[in-house]
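> Below are the sequence and a predicted model; questions follow.
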Amino acid sequence: MKLVKYFLPLTLVLSAMPAMSQTALTVEQCREMAVENNKKMAIAAENRRKAGFDVKSYKANYFPKLSATGNYLFTSSSMKKKISGNYLPTFVPDPATGQLVPNILTTVDGVPIFKEYAYFPDMDLELKLNGTYMAGLQLEQPIYMGGKINSAYKMSKIGAEIASLNEAKTRTDVILESDEAYWTYVQTLELAKTARAYQDLVKHLLKDVENAFEAGLKPRNDLLKVQVKLNEAALQVMQAENGVRLSRMNLCHVIGLPLDTDITADSIPDKVLQGDLPAPDLTGRSEYAMLDKQVELKSQQVKLARSEFLPNIGVAGNFGYANGLKLNGDRLLDNTSFSAVVSVSVPLFHGFEGRNKVESSQSERNIAVLQRDELTEKMELEVQQARNAFEESKMEVLLTRRSLEQAEENMRESKDRYDAGMETMSDLLESQTMWQQAHSDLVRARTSAMLCETRYLKAAGRL
């Protein structure tokens with residue numbers, strides 16, 4: 001009867017806690033909410049969207065560019081010139097041919113002397129620029145730019161693929177962050193239940209000792225020891241509740257809820273001890289694919305550097321209208337025109353600048369290849385470390401569960417021996433403390449195993 005009376009409150013506390021809580025969130029629900037509401041995911045999605053617009057922007061370089069131009073000149077200056085008057089020789093028609101021939105009278109030392117001269121008076125010229133305007137359309141089309149346009153377009157496409165892979169990587173990071181916040185919250189909830197169960201255990205022990213003390217069966221020293229333990233238990237409950245509050249706020253932050261939202265979580269399942277881990281697949285990791293894309297990007301940069309020192313060919317067409325330029329009040333420009341230009345640029349010598357730039361880009365590509373190989377090996381090491389941590393966590397769960405069973409049995413025996421006067425109060429209190437520690441260790445081991453499973457799945461490319 002004593003054992004039933006002693007363990008009944010403990011059983012009631014541990015079994016009634018979930019029933020007093022609100023609807024529990026599952027780890028899958030938290031993952032979905034985190035992916036949907038997390039700011040990191042929003043940034044990654046915006047980067048992917050930006051990369052898509054960059055691709056369209058570089059693709060536009062394949063097509064002609066049409067632009068409208070216009071100029072209007074306003075100026076108060078003008079150009080003035082005076083042509084001095086003079087005598088001009090005359091011409092007469094040739095009777096035989098009818099064509100005009102010089103009207104020469106004679107020649108002196110090879111210099112002709114004309115019969116008649118016409119007088120040309122002085123002339124003032126004034127050219128006004130004010131009010132001159134031009135408008136037109138210009139069409140430009142690249143023909144061959146050394147592969148620059150093609151390389152830039154391919155680089156933008158690779159950048160868009162990297163942005164998509166980065167979004168997938170961010171998703172796995174957010175899921176891991178969500179799991180860490182979730183299982184930390186679950187752990188604090190379980191530890192708080194353990195702390196309250198331990199407090200209730202000490203309270204009932206205190207009641208039994210008080211009754212025994214009043215009956216003169218137990219010394220006052222035992223009563224004081226239990227009261228000290230009860231004070232410690234009260235402090236532990238407060239600390240555990242503070243931990244629950246902070247971990248709940250952190251989980252709300254991760255999944256995008258207001259920090260003061262009252263939520264709770266499921267209990268810790270035992271599935272982690274069942275079955276084997278899936279085989280790793282590094283190609284499923286976004287980081288692995290991003291490394292390959294980085295090598296492709298550097299390869300295109302080599303071609304882009306080479307294009308800077310290859311011939312460039314382009315054509316341009318212009319259609320415009322000009323109006324203005326008045327000479328002595330008469331308008332000189334009032335017409336449309338069309339022109340076409342073919343532009344060819346062939347680099348000849350730049351002090352080996354082109355070759356050095358190409359070699360530099362090639363070295364960057366080689367570095368990217370080496371970094372990919374190095375990080376791939378590190379990923380393999382990370383997978384093995386995650387597997388080892390998971391296997392160790394499974395073993396830790398088994399051992400702590402066994403320790404809890406032993407601690408419970410030890411506490412029962414210690415209580416019986418204390419009631420029989422064969423054990424001191426210090427030994428009984430120590431057995432209760434060992435039970436609390438074993439129970440807390442089991443909670444930590446089980447939540448750690450759940451996290452180790454998530455970390456392994458992420459490292460193995462299976463998350």
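Thanks, I have it.
> So which residues of this structure form helices?
Along the chain, counting by DSSP state H, helices occupy 2-16, 27-37, 39-59, 148-214, 220-255, 286-307, 353-419, 425-459.
> How many neighbouring residues does residue 430 have?
15 (other C-beta atoms under 10 Å). Placement of C-beta: from N, CA and C, glycine included.
> what does residue 82 give?
Quick note: residue 82 (other C-beta under 10 Å) scores 10 neighbours.
> give me every residue that touches the closest residue to it other than its chain neighbours.
Leaving aside its sequence neighbours, residue 82 sits nearest to residue 124 (C-beta to C-beta, 6 or more residues apart in numbering; 5.2 Å). By C-beta atoms under 8 Å, 6 or more residues apart in numbering, the residues touching residue 124 are 80-83, 328.
> now swap in residue 310 and tell me
Per C-beta under 8 Å, 6+ apart, neighbours of residue 310: 146-147, 347.
> measure it to residue 368 for me?
Residue 310 is 24 Å from residue 368, where distance means C-beta to C-beta, to the nearest Å.
> Quick check, pLDDT for residue 402.
Predicted confidence (pLDDT) at residue 402: the value is 93.
> Please disregard the earlier target; I meant residue 457.
As predicted, residue 457 sits at a pLDDT of 92.
> still on that earlier bit, closest to residue 267 among the contacts of residue 310?
Nearest to residue 267 among those: residue 147, at 62.0 Å, using C-beta to C-beta.
> ok, and the closest non-adjacent residue to the closest one?
With sequence-adjacent residues excluded and distances taken as C-beta to C-beta, 6+ apart, residue 147 is closest to residue 307, at 4.5 Å.
> What of residue 443?
With sequence-adjacent residues excluded and distances taken as C-beta to C-beta, 6+ apart, residue 443 is closest to residue 190, at 4.2 Å.
> Tell me how far that neighbour lies from residue 405.
17 Å.
> What is the burial count for the residue nearest to residue 443?
If you count neighbours by other C-beta under 10 Å, residue 190 ends up with 24.
> OK, contacts around it?
With C-beta under 8 Å, 6+ apart, residue 190 has these contacts: 267-268, 443, 447.
> wait, doesn't residue 265 sit right on residue 28?
No - with contact defined as C-beta atoms under 8 Å, residue 265 does not reach residue 28; the gap is 11.8 Å.
> When those two are compared, which one has more neighbours?
residue 265 (25 against 10).
> got a list of what that one touches?
24-26, 182, 185-186, 189, 251.
> cool, and residue 213?
219-220, 222-223.
> Count the residues that sit near the closest residue to residue 354 other than its chain neighbours.
Closest residue to residue 354 apart from its sequence neighbours, by C-beta to C-beta, 6+ apart: residue 309 at 3.2 Å. Residue 309 has 17 neighbouring residues, counting by other C-beta under 10 Å.
> Roughly how far does residue 309 sit from residue 348?
10 Å.
> With residue 128 instead?
In terms of C-beta to C-beta, residue 128 sits 45 Å off from residue 348.
> Hmm, residue 205 is touching residue 226, no?
Yes - here residue 205 reaches residue 226: they are 5.6 Å apart, a contact under C-beta under 8 Å.
> Tell me which of these two has more neighbours.
The neighbour comparison of residue 205 against residue 226 (other C-beta under 10 Å) goes to residue 226, with 24 against 21.
> Burial check on the closest residue to the more buried one other than its chain neighbours, number of neighbours?
Leaving aside its sequence neighbours, residue 226 sits nearest to residue 206 (C-beta to C-beta, 6+ apart; 4.6 Å). Applying other C-beta under 10 Å, we find 18 residues neighbouring residue 206.
> Need the pLDDT of residue 206.
83.
> now swap in residue 28 and tell me
Looking at residue 28, its pLDDT is 91.
> For residue 330, see how far away it is.
87 Å.
> Repeat that for residue 324.
Taking C-beta to C-beta, one finds residue 324 at 12 Å from residue 330.
> Neighbour count for those two, which is higher?
residue 324 (18 against 7).
> isn't that one right up against residue 331?
Yes - because the distance of 7.1 Å satisfies C-beta under 8 Å, residue 324 is recorded as touching residue 331.
> pLDDT value on the residue nearest to residue 354, please?
Residue 309 carries a pLDDT value of 86.
> now swap in the one 4 residues further on and tell me
According to the model's per-residue confidence, residue 313 sits at a pLDDT of 92.
> if I pick it, what's in contact with it?
142-145, 342-345.
> Would you indicate which residues of stretch 326-342 are buried?
Applying a neighbour-count criterion of 16 or more other C-beta atoms under 10 Å, one finds residue 326 buried in stretch 326-342.
> Give me the below-cutoff pLDDT ranges for the protein.
1-23, 270-275 (pLDDT under 70).
> before we move on, the earlier item: please spell out the PyMOL selection for the buried subset of the contacts of residue 213.
Burial among these is assessed by 16+ other C-beta under 10 Å; the matching PyMOL selection reads:
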select buried, resi 222+223
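> how many neighbours does residue 280 have?
Neighbours of residue 280 under the rule other C-beta under 10 Å: 21.
> nope, residue 225 is what I was after
18.
> separation between it and residue 428?
9 Å.
> cool, residue 232 as well?
In terms of C-beta to C-beta, residue 232 sits 15 Å off from residue 428.
> Of those two, which one has the most company?
A side-by-side neighbour count of residue 232 and residue 428, using other C-beta under 10 Å, places residue 428 first with 22 against 15.
> My read is that that one contacts residue 414, right?
Yes - taking contacts as C-beta under 8 Å, residue 428 lies within contact range of residue 414: 4.9 Å.
> okay, stretch 356-367 in PDB with CA atoms only?
Provided in PDB are the C-alpha atoms of stretch 356-367 (Å, rounded to 0.1, in the frame of the first residue of the first chain):
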ATOM      1  CA  ASN A 356      47.000  36.700 -69.400                       C
ATOM      2  CA  LYS A 357      43.400  37.300 -68.600                       C
ATOM      3  CA  VAL A 358      42.400  34.000 -70.200                       C
ATOM      4  CA  GLU A 359      45.000  32.200 -68.200                       C
ATOM      5  CA  SER A 360      43.800  33.900 -65.100                       C
ATOM      6  CA  SER A 361      40.300  32.800 -65.700                       C
ATOM      7  CA  GLN A 362      41.500  29.300 -66.400                       C
ATOM      8  CA  SER A 363      43.200  29.200 -63.100                       C
ATOM      9  CA  GLU A 364      40.000  30.300 -61.400                       C
ATOM     10  CA  ARG A 365      38.300  27.300 -63.100                       C
ATOM     11  CA  ASN A 366      41.000  25.000 -61.800                       C
ATOM     12  CA  ILE A 367      40.500  26.300 -58.300                       C
END
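> Noted, bye for now.
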